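1. below are the sequence and a predicted model; questions follow.
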Amino acid sequence: MKANFDAHFNGMVPGTGALRSLNSDLIPIVDPALGHVIGYKDRRLVHSEGDFHVGIQAYIVCTNEEGQIEVLVQKRSGVVDIAKGQLDQSLATQILAKDGGGLRAALIRGLKEELDIDEEEIEAVPLGLHSELKIYKKYAADPDLYNREFIYLSFVQIKRRDIRSKNPKVADLEWVSWAEYVRRMKESPENFTKTAWFYIMNPDILHQTEQELERFINKASTKPLLCPLEKAYFYSYPGRYDITISVYKDKRVFMHVFDHKTKKIARFDDIRSVDPCEGKNHRHVAVYITKKSGENFLWLNGDMKRIHRQADTHSKRCLAKMTAQILKDIARLEEEAASDQDLKLAWALKRKFNYIFDILRTRVLSGEMLFFDSLPADETGDFGIREYPDNIILVTIPGTYDPPHYAHIELLFDAMIHESENAHGKRTAYALFFTPVGDFAPGPSGTSWKSEKTDSKTRHEMCSKVSGLFYPLMQTSEISLRHPEEFGTKNAASLLKALRDRTEFTPVRFVVAIGTDTYRKWGKNISAVLQEEKGKYPGVDFSVLIRESWQDPLEDNLAAGLPEGVKLLKGVYSLPVRSTRVREGHMNLLPGSVQKYIKLHGLYPSAPAVTAGAAEVPPVSEIPKTDLQNEAA
């Protein structure tokens, strides 16, 4: 049976290849975009700090003498940290560090540890392996817990029924008919774990599960069971309602809301886009809904309220154009891939930008997100816009850009999404800026920064090639060409001069986005420059956002002592590409326009494309297309 099992379970949690020897019960934490491993934590911290991790569930099934399908139901004991004494699926565990990132390895370990079931006595197959299922859970019994998971479900068939557990986490086991299992859960969902309830509360998911279960029992298919869902998100918080948002591969979108008081499920369709918002401190869930008609609504605590706000036509058109251009460029990278590693990096790039653009799409359609008509290249220019927003957020990265690459773009968008989470409910205009430093810009010590760098005019021209893909959301500032001796952050802040006389553009938030390594070298300098700039621009909120790289986490002492106005963005995947490698001739993950510019001007040594190691990128997989591709057409 093992060979057949291996054929089904070829999935690996991304980013684990070099860490398989880590033999511990630590839980790998993953980023929300790719599910890429970005660190390891103790179970208690994972469940209290809300780190995304990977959950493994299984229905252990058999047929009784009457031919009915029966499922093994587990009752959790009082020693577990979550859902004490509740009924659960046959198996519910998480991928641990000692599983080496393998979905199959985690399932086999869980079956053995919890139920004393050996791999050789089972038939197993995953359900919906390529669907993205995420669960967000909080608990009335312990408000300090915040549990977020990517989940994977399997069917496991076993012939023997005398299954017993010596594991202290398991209080009891019972075989019941599938129909009885569903009936009990529908009548008393409070007796079951939240994850078990997710698979039953949505009638569409339940129907598909039952269809595939029948096929599995009757051996109608030996292939991994497919699921029409592209993604599903489940929000279960203390209170009256549980929500499932389902997006299908044919682009249908539904929201199901279960009312624990009435025991009824309401289904909302005719939906074009949904944008869940967990609220401050994750205390509740509100959902912004855009109907196919273009009307916008806010669902909150059982009430659907219409929002008299429409999507900005200009912003919709610009976003569709950006999406089409960037996906075309990524397709070029795939076509030019010279190795499996090239494909893996292109996979990561495609999935990350699909994730980014899907979020931007929901917020543009909801009318919350606006793009300017035009952006200034220097302080003498103008921020052109037809409809004045409630507020403005400018995000900039001062840097050398020798040369600019996709990781720079990714950082700007990560910062933009972070800021948009905090701007929920406000009509906000966004602008992103590359601000290359000048030829004589001082370093942290006051001496010239990177004296061997490519000349400023060339670096500005390369940045303009990149920002042109995203204009008018993104622009390259040319201020350092006229002030080559100034700090990059000071020149970046000079863009605010173009807003100073526009009283309708208040309030304004100015964000400097940087990585952990930049903060170590430049943190004090950046904060000092921004403190000085505050006096020039009253009413502007200055902030520094440090994106903590999974490759390079910020030290605890630095993270604990961040000054006012400096925030740490954690748990975000960052593309493993660096300017140093590009200057050595490795051109992977450079936008095509920059590659052409480099070749035309002979800027860097020519070398075959070489990517990062297998541990740094996800496995090759099929990525769902974003709706914006259709809108671009």
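-> Cool, got the structure. This structure is a prediction, so every number in the text was calculated from the model and none was measured. Numbers count the residues shown, from 1 in each chain.

2. low-confidence ranges in this structure?
-> Across the chain, the ranges flagged by pLDDT under 70 are 1-12, 15-21, 220-226, 445-451, 503-505, 586, 606-633.

3. redo that, cut-off 80
-> The chain contains residues with pLDDT under 80 at 1-23, 128-130, 219-228, 279-283, 341, 443-452, 500-506, 550-551, 576-589, 605-633.

4. what about the longest helix in it?
-> helix 340-365 (DSSP state H).

5. what helices or strands is it leaning on?
-> Contact analysis of helix 340-365 by 3 or more C-beta pairs under 8 Å, 6 or more residues apart in numbering; DSSP states H and E lists strand 271-277, strand 286-291, helix 313-335, helix 406-422, helix 627-632 as its packing neighbours. C-beta coordinates here come from the backbone N, C-alpha and C atoms, glycine included.

6. so what's the gap between the longest one and the chain middle?
-> It refers to helix 313-335. 19 Å (C-alpha atoms, centre = their mean, to the nearest Å).

7. angle of that helix against helix 406-422?
-> Calculated by axes from the mean of the first three to the mean of the last three C-alpha atoms, to 10 degrees, helix 313-335 forms an angle of 140 degrees with helix 406-422.

8. who are the packing partners of helix 313-335?
-> Against helix 313-335 (3+ C-beta pairs under 8 Å, 6+ apart) you get helix 340-365, strand 369-371, helix 627-632.

9. how about the ones you listed in a markdown table, adding distance to Glu190 and mean neighbour count?
-> What follows is those, written out as a markdown table (distance: least, C-beta to C-beta, whole Å; neighbours: other C-beta atoms under 10 Å):
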| stretch | distance to Glu190 | mean neighbour count |
| --- | --- | --- |
| helix 340-365 | 31 | 22 |
| strand 369-371 | 38 | 26 |
| helix 627-632 | 36 | 17 |
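
10. which of the ones you listed sits closest to Ile163?
-> Within the helices and strands packed on helix 313-335, the stretch nearest Ile163 is helix 340-365; the backing value is 38.5 Å (C-beta to C-beta).

11. now the angle from the closest one to helix 406-422?
-> Using the same axes, to 10 degrees: helix 340-365 against helix 406-422 is 30 degrees.

12. for the closest residue to Leu319 other than its chain neighbours, what are its contacts?
-> Closest residue in space to Leu319, ignoring its immediate chain neighbours: Val364 at 5.4 Å, by C-beta to C-beta, 6 or more residues apart in numbering. Counting by C-beta atoms under 8 Å, 6 or more residues apart in numbering, Val364 makes contact with Ala311, Asp312, Ser315, Lys316, Leu319.

13. ChimeraX command for the buried members of those?
-> Buried members of these, defined by 16 or more other C-beta atoms under 10 Å, are picked up in ChimeraX with:
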select :311,312,315,316,319
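
14. turn the contacts of Val364 into JSON lines, including distance to Asp390.
-> Below are those laid out as JSON lines (distance: C-beta to C-beta, whole Å):
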{"residue": "Ala311", "distance to Asp390": "15"}
{"residue": "Asp312", "distance to Asp390": "13"}
{"residue": "Ser315", "distance to Asp390": "14"}
{"residue": "Lys316", "distance to Asp390": "19"}
{"residue": "Leu319", "distance to Asp390": "19"}
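
15. tell me which of the contacts of Val364 is nearest to Val54?
-> Among these, Leu319 lies closest to Val54 (C-beta to C-beta), at 31.0 Å.

16. my read: that closest one touches Phe371, true?
-> Yes. Between Leu319 and Phe371 there is a contact under C-beta atoms under 8 Å: 7.4 Å.

17. quick one: Lys536 and Arg502, what's the gap?
-> Lys536 sits 15 Å away from Arg502, taking C-beta to C-beta, to the nearest Å as the criterion.

18. and for Tyr40?
-> Per C-beta to C-beta, Tyr40 is found 48 Å from Arg502.

19. right, and Glu486 touches Thr435 too?
-> No. Applying C-beta under 8 Å as the test, Glu486 and Thr435 come out as separate, 10.7 Å apart.

20. picking that back up, what's the overlap in contacts for Leu319 and Phe371?
-> Any residue near both Leu319 and Phe371 by C-beta under 8 Å, 6+ apart counts here, and that gives Leu473.

21. neighbours around Arg283, how many?
-> Applying other C-beta atoms under 10 Å, we find 12 residues neighbouring Arg283.

22. for the remainder of this discussion, apply numbering that starts at 44.
-> New numbering, starting at 44: the last item is Arg326.

23. how about the nearest residue to it, chain neighbours excluded?
-> In space, and not counting its chain neighbours, Arg326 is closest to Tyr280: 7.6 Å by C-beta to C-beta, 6+ apart.

24. for that neighbour, give me phi and psi.
-> With angles defined as degrees, to the nearest 10, Tyr280 sits at phi -120, psi 160.

25. that one and Leu188 touch, don't they?
-> No. Between Tyr280 and Leu188 there is no contact under C-beta under 8 Å: 11.2 Å.
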